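A.B. asks: Quick one: sequence plus predicted model below, questions after.
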There are 2 protein chains.
Amino acid sequence: MKTAVIGGGSWGSAFCRYLGGLDIPSRLWIREREVYETALETRENAAFLPGFPFPQTVSFTPDIREAVLFGDVLFVAVPSEFCRSVYEEMAPHLRPEQIVVSLTKGLETVTLKRMSQVMEEVFLDRPPRGIAVLSGPSFAREVAGNHPTAVVVASANPDTAGLIQHLVSSLIIRAYTSRDVTGVEIAGAMKNVIAIASGIVDALRFGLNSRAALITRGLAEITQLGISLGAGRETFSGLAGIGDLVLTCTGELSRNHRVGYELGTGKTLPEILAGMREVAEGVHTTRLARDLASSQGVEMPISEQVYRVLYENKAPKNAITDLMSRSLKSE
Amino acid sequence: MKTAVIGGGSWGSAFCRYLGGLDIPSRLWIREREVYETALETRENAAFLPGFPFPQTVSFTPDIREAVLFGDVLFVAVPSEFCRSVYEEMAPHLRPEQIVVSLTKGLETVTLKRMSQVMEEVFLDRPPRGIAVLSGPSFAREVAGNHPTAVVVASANPDTAGLIQHLVSSLIIRAYTSRDVTGVEIAGAMKNVIAIASGIVDALRFGLNSRAALITRGLAEITQLGISLGAGRETFSGLAGIGDLVLTCTGELSRNHRVGYELGTGKTLPEILAGMREVAEGVHTTRLARDLASSQGVEMPISEQVYRVLYENKAPKNAITDLMSRSLKSE
């Protein structure tokens, strides 16, 4: 079995490096020329995962066709905004025995589709054997540092999920399976919005009680949205749900939390984004969450306030205070 | 409306101080003579809540009868091991129009009963108008510092829950209601066990991915136990469930997390307990969780490993490694 990872950001690199470490021959597709050339030379992704050299089992390519031809299983870890075009580049080279796994945590702009839905659409004429998504609380740097990490692999086809589970599991990564693709993808995308809110709360020194309440109410609104889209409630209590939400809202390694934190200290969104090399998916997802919530008739008060801070220049402190003073009700 | 708080530890003191701050005349029962006398003199609980003077609306008493006579609503915040005897001291003075609210997060030794069950038993001959429990992510020091905090008030009687909700709600504390007394109490007690495990994981530097996975799997086993006892699943996704679990597992103010952390650094349980003035409920609850799980036929792998570390001298590192290497399955 050979694998390819499409996308040389921090998560794609860490995941490919991990697969290589399991003695699975793996090829990493790196689009950025400079990052690719440095990787060839130094065997490190100096831009996005410095300090963690790749094992000899990992090869690099700037040619997506080469990556698709190489892997029996293809893991795709590109930002959501590039997914459709990357899938389209992959599609002509796909073989019917391959499995494609999405590692992306976001939704498509305008269509509001989940990544696996976009894949199904783009791969319609040359469908792979299976499509799966992999999610859960997994900071790239910790996986690179061999810290034990649990993830969930979801696929409509249990055989596909089981195959990926066994492929990626080791003493470092422990994979659970699920059939709830919708739930896993919605949870993975939406937690980034709550993470921005959590960063704001932290910057404004509201305290840990407030942050815990925010995480809880955030989970509630994500769950409502997910259920309205056909997801199972249990998924949101699992690794892709509360697990990833807790990690992203409380860990210092989260880009989305950092966006919120810097908003809380008074920086503007353009200033913050100018200082980040990798995408903070939550910034886009906040807009999409609003559209999705409105089309589904679901109330998402936290996401709504994050939207107002990001896109309507609402003062972060007012946003949080407005959240806290909503009318009393039962849980 | 007047209130009394039974128990002068950090949470009882912070809660009584908070009620006084709402201009509700409140009396705090402090059993420890020295703490009581210092409070009278300095208007502070120097032992358990230093730095937060009580407003003039708060009075102190060392006589539990005086406290019970004073309050229309009685909040009880004593460690679980003393609850039955304290309830017995209260019982002869109870009036049928009073409401009693438990703030304790633990179970009774031997009987494995929840605090509200013990109340019902002890108050059988002189039942108050209502019994409720109040729980959720609420570090005492943060409430004392006016940090916004959300809690849940559960009672079998919705009128009782609603009355307490309105009594305690302000811009600082936001109370939601629930009818799931069992769920709220089981969640509140059991999260302390997972917090010990989380402290171990932190001390051993397993990392944030591991901690998030532990919290998620901890929630799963607590939920299973709760459901087997008749609780509703949703409660565990709420403030008393995941909210308090996240707070206790990630916040530095948690005594239970501290116990785990110090175990992880190699200290023994007696050494750790010798250094703590207030009870870490999780130490007792771990034993009770094991009995409860076994009587309910529920598997609680994390609680089981915490038990082995606390009571069978299992090396913390081996306990966590054993947890991580359990057989693969679906979520």
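C.D. replies: Thanks, I have the structure now.

A.B. asks: ok, residue A:254 to residue A:41 distance?
C.D. replies: Counting by C-beta to C-beta, to the nearest Å, the gap from residue A:254 to residue A:41 is 30 Å. C-beta: built from backbone N, CA, C; applies to glycine.

A.B. asks: of these two, who's got more company?
C.D. replies: Legend: neighbour count by other C-beta atoms under 10 Å in any protein chain shown for residue A:254 and residue A:41, higher for residue A:254 (25 against 9).

A.B. asks: Might one say that that one is in contact with residue A:194?
C.D. replies: No - counting by C-beta atoms under 8 Å, residue A:254 does not reach residue A:194; the two are 10.8 Å apart.

A.B. asks: what's the overlap in contacts for these two?
C.D. replies: Each of residue A:248 lies in contact with both residue A:254 and residue A:194 under the rule C-beta atoms under 8 Å, 6 or more residues apart in numbering or on different chains.

A.B. asks: Where is the longest helix in chain A?
C.D. replies: Using DSSP state H, we find that the single longest helix of chain A is helix A:181-203.

A.B. asks: how big is the angle separating the helix or strand just after that one from helix A:181-203?
C.D. replies: Using DSSP states H and E, the helix or strand that directly follows helix A:181-203 along the chain is helix A:208-228. Counting by axes from the mean of the first three to the mean of the last three C-alpha atoms, to 10 degrees, helix A:208-228 lies at 160 degrees to helix A:181-203.

A.B. asks: Give the buried residues for the helix or strand following helix A:208-228.
C.D. replies: Next along the chain after helix A:208-228, taking DSSP H and E as the criterion, comes helix A:244-250. Using 16 or more other C-beta atoms under 10 Å in any protein chain shown as the test for burial, helix A:244-250 gives A:244, A:245, A:246, A:247, A:248, A:249, A:250.

A.B. asks: if I look at the first one, how far off is chain B?
C.D. replies: Distance of residue A:244 to chain B, computed by C-beta to the nearest C-beta, to the nearest Å: 7 Å.

A.B. asks: who's in contact with the nearest residue to that residue once chain neighbours are set aside?
C.D. replies: Leaving aside its sequence neighbours, residue A:244 sits nearest to residue A:137 (C-beta to C-beta, 6 or more residues apart in numbering or on different chains; 4.7 Å). For residue A:137, the contact set (C-beta under 8 Å, 6+ apart) comprises A:149-151, A:239, A:243-244, A:246-248, B:208-209, B:212-213, B:216.

A.B. asks: Among these, find the one with the greatest number of neighbours, please.
C.D. replies: That'd be residue B:212 among those, by other C-beta under 10 Å, with 33 neighbours.

A.B. asks: What values do phi and psi take at the closest residue to it other than its chain neighbours?
C.D. replies: Nearest residue to residue B:212 in three dimensions, chain neighbours excluded: residue A:137, at 3.5 Å (C-beta to C-beta, 6+ apart). Dihedral pair for residue A:137: phi -70, psi 100, per degrees, to the nearest 10.

A.B. asks: before we move on, what about the one 5 residues further on?
C.D. replies: The main-chain torsion angles of residue A:142 are listed as degrees, to the nearest 10 and equal phi -70, psi -40.

A.B. asks: residues in contact with the nearest residue to residue A:235 once chain neighbours are set aside?
C.D. replies: Leaving aside its sequence neighbours, residue A:235 sits nearest to residue A:183 (C-beta to C-beta, 6+ apart; 3.1 Å). Residue A:183 makes contact with A:154, A:226, A:231, A:232, A:235, A:236, A:240, A:241 under the criterion C-beta under 8 Å, 6+ apart.

A.B. asks: can you put these in a markdown table and add neighbour count and pLDDT?
C.D. replies: Listed next are the contacts of residue A:183 as a markdown table, based on neighbours: other C-beta atoms under 10 Å in any protein chain shown; pLDDT from 0 to 100:
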| residue | neighbour count | pLDDT |
| --- | --- | --- |
| A:154 | 31 | 98 |
| A:226 | 25 | 98 |
| A:231 | 22 | 98 |
| A:232 | 17 | 97 |
| A:235 | 28 | 97 |
| A:236 | 28 | 97 |
| A:240 | 32 | 98 |
| A:241 | 34 | 98 |
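
A.B. asks: just these now: which is nearest residue A:51?
C.D. replies: residue A:240 (27.7 Å; C-beta to C-beta).

A.B. asks: one step back: distance from the longest helix of chain A to the middle of the chain?
C.D. replies: Its chain's C-alpha centre and that of helix A:181-203 lie 10 Å apart, by C-alpha atoms, centre = their mean, to the nearest Å.

A.B. asks: Same question for stretch A:219-239.
C.D. replies: Distance of stretch A:219-239 from the chain centroid (C-alpha atoms, centre = their mean) equals 16 Å.

A.B. asks: Report the buried residues of it.
C.D. replies: Those would be A:219-227, A:229, A:231-239, for stretch A:219-239 by 16+ other C-beta under 10 Å.

A.B. asks: And the longest helix of chain A, what's buried?
C.D. replies: Using 16+ other C-beta under 10 Å as the test for burial, helix A:181-203 gives A:181-203.

A.B. asks: Let me know whether residue A:176 touches residue A:243 as I believe.
C.D. replies: No - counting by C-beta under 8 Å, residue A:176 does not reach residue A:243; the two are 10.1 Å apart.

A.B. asks: anything in contact with each of those two?
C.D. replies: Common neighbours of residue A:176 and residue A:243 (criterion: C-beta under 8 Å, 6+ apart): residue A:150.

A.B. asks: Skipping adjacent residues, who's closest to the residue minimising distance to the centre of chain A in space?
C.D. replies: Closest to where the C-alpha atoms of chain A average out (C-alpha atoms, centre = their mean) is residue A:105, at 2.5 Å. Spatially, and ignoring its direct neighbours in sequence, residue A:105 is nearest to residue A:188 (3.9 Å; C-beta to C-beta, 6+ apart).
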